[in-house]
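Participant: predicted model follows, preceded by the sequence.
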Amino acid sequence: MVVMDNFRFPRRATTPLARRVVASLASPAAVTLLAVPEEHPPTPAVAVLFVLAVVIAARVGGAGAGIVASLLSFLALNFFFTPPFHTFAVAAPEDLVALFAFLVTSVIVGLLLSSALKAKSKSERRELEARLLNRLATRLLSGEAPERVLSGFAQGLCDALELSRCEISTTFTPLTDAARAESFGEPQRVRLSALGQDIGEMRIWAGGRGRLNIEEQAIIESLATQLALALEGMRLSVEVRRAELEAHTSRLKAALFSGVTHDIKTPLAAIMAAVTSLIEGSGFTEDERHEHLDTIKQETERLHRVVNNLLDVARLRAGALVATKVPSAIDEVMESTLNRLRPLFGDRLVEIRVGDEVPEVAIDVVQIDQVLTNLIENAIKFTPSSSPVSLVAVGHAEGVRVTVFDRGPGVPKQDRVRIFEPFERGRATVSGTGLGLAISNAIVIAHGGRMWVSDNPLGGAAFTFELPSGDASRQEVSSARESARR
């Protein structure tokens, strides 16, 4: 059970009867003992001591005890310390005025002190009530389980008001309770209502006191109202987040369905057309047969890449896409990728430029080949058919930097972070799943590198990724998984 801070409300304003009686009698009696010696202090000094006795009685027993102590002090001052002694008669008129002035002053002092003490007690209770509610709201907003928060809140009430037991139940959380001792008797029930609807109930056992006093009842009802509002706010916040998540999931599903449908349908249609021509046609030349078979091969590879992208996203989310790194020359990987993709180039000029002293890097050759494939395919897909594509690799202090330059429309600055998220595409009308860049970025991060996009000085876009060499610091595969989840 989670227990909140040890809140402690001030003692209850209602003082037990015995305590009030003792407070109202003891202080005046103590001052009256000064009359026992034959030579007692002067009357003005005794009057000041009686005022002090009234202050003590009001502080200990409340306003009632202060008033009783004032009356008893008035009588004792008259009987024991005002001539003629040991009688309630007053010889001089000025002594009578002094006695009544003393009575009025002592009563006013007692009432003012009692009122100030009540105000102080109420202020302290409100402060602690605010602290308790603030801690409740903070824990609810922190995302902690509601039942744990309510359990701590119930324990806080038990400690603050010295309750025997407190139970809180709502329509959307399990029953939570806290107990300080064996509970007994029927509980006091306080409804938790927000926006005109009952959302739960608070049950209070006051223990040996039987029932809470009026002030404590008011505090409980105030806390119950604030608790209900906080719980309703939390519930609405959870519903909003759930609705946003469902809407986002629906958008992702729609984007996935749209992109995958097109990317799968197009190669399947091309494969179907080529196979149908080969089966139903006749008199094909060897070059024509080879062209049909080459079409089938290219479209099958395209379909294979789409399926692999979907599988890679699933692996990234599950943390199962692990890089098997071996020291490799990046220029050899680049040349191998270009040779494999050469049928896609057509009449396009594609070149490789490698700087001097490019070090070997520890990479998973298959995964980095996939990164290069995705970047090159994007450069071909989103640029005019006659525009050139360049691959540039340079070495630097911490590893290797590879850039794919194209001469397309470029990527707007506001989209340069978004396009690396799953199912996100640029503003071009070319269709796709929006997975290639997300997977490439996750693979590069898994290698301890980073990827970004900038402007090509000659016009177009420049997609760059860095790979560390040797023992350069690198992130764990979990970073790639988090990148894919964004």
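Facilitator: Yep, that arrived. Numbering: from 1, shown residues only.

Participant: which ones are touching the residue lying farthest from the centre of the chain?
Facilitator: What lies farthest from the middle of the chain is Ala91; by C-alpha atoms, centre = their mean that is 78.9 Å. Contacts for Ala91 (C-beta atoms under 8 Å, 6 or more residues apart in numbering) come out as Pro83, Pro84. To be clear about C-beta, it is placed using only N, CA and C from the backbone, and glycine gets the same treatment.

Participant: and it, what's its pLDDT?
Facilitator: Ala91 carries a pLDDT value of 79.

Participant: quick one: it is in a helix?
Facilitator: No - assigned with DSSP: H, G, I helix; E, B strand; the rest coil, Ala91 falls outside any helix and is coil.

Participant: roughly how far does it sit from Thr82?
Facilitator: In this view, Ala91 and Thr82 are 8 Å apart by C-beta to C-beta, to the nearest Å.

Participant: cool, and Ile264?
Facilitator: 111 Å.

Participant: compare the two (neighbour count), which wins?
Facilitator: Thr82 (23 against 16; other C-beta atoms under 10 Å).

Participant: so the more buried one sits right up against Asp95, yeah?
Facilitator: Yes - Thr82 is in contact with Asp95 according to C-beta atoms under 8 Å; the separation is 5.2 Å.

Participant: who are the packing partners of the helix or strand containing Asp287?
Facilitator: Element membership for Asp287 (DSSP states H and E) is helix 286-318. The elements that helix 286-318 packs onto, with contact taken as 3 or more C-beta pairs under 8 Å, 6 or more residues apart in numbering; DSSP states H and E, are helix 214-280, helix 365-381, helix 436-446, helix 477-485.

Participant: between it and helix 436-446, how many degrees?
Facilitator: Compare the direction of helix 286-318 with that of helix 436-446 by axes from the mean of the first three to the mean of the last three C-alpha atoms, to 10 degrees and you get 60 degrees.

Participant: before we move on, what SS does Arg191 have?
Facilitator: Here Arg191 takes the strand state, with states given by three-state DSSP.

Participant: swap in Ala29?
Facilitator: helix.

Participant: look up how far Phe85 lies from the residue farthest from the centre of the chain.
Facilitator: 10 Å.

Participant: how about Leu372?
Facilitator: For Leu372, the distance to Phe85 - C-beta to C-beta - is 115 Å.

Participant: more neighbours: these two, which one.
Facilitator: A count of neighbours by other C-beta under 10 Å puts Leu372 above the other of Leu372 and Phe85, at 22 against 11.

Participant: now the more buried one, nearest residue through space, not along the chain?
Facilitator: Among residues not flanking Leu372 along the chain, Thr337 sits closest, at 4.3 Å (C-beta to C-beta, 6 or more residues apart in numbering).

Participant: got it, and His292?
Facilitator: Using C-beta to C-beta, 6+ apart, the nearest residue to His292 is Ala274, at 4.4 Å.

Participant: what are the buried residues along stretch 189-198?
Facilitator: Neighbour counts over stretch 189-198 (16 or more other C-beta atoms under 10 Å) mark Val190, Leu192, Ser193, Ala194 as buried.

Participant: many thanks, we can stop here.
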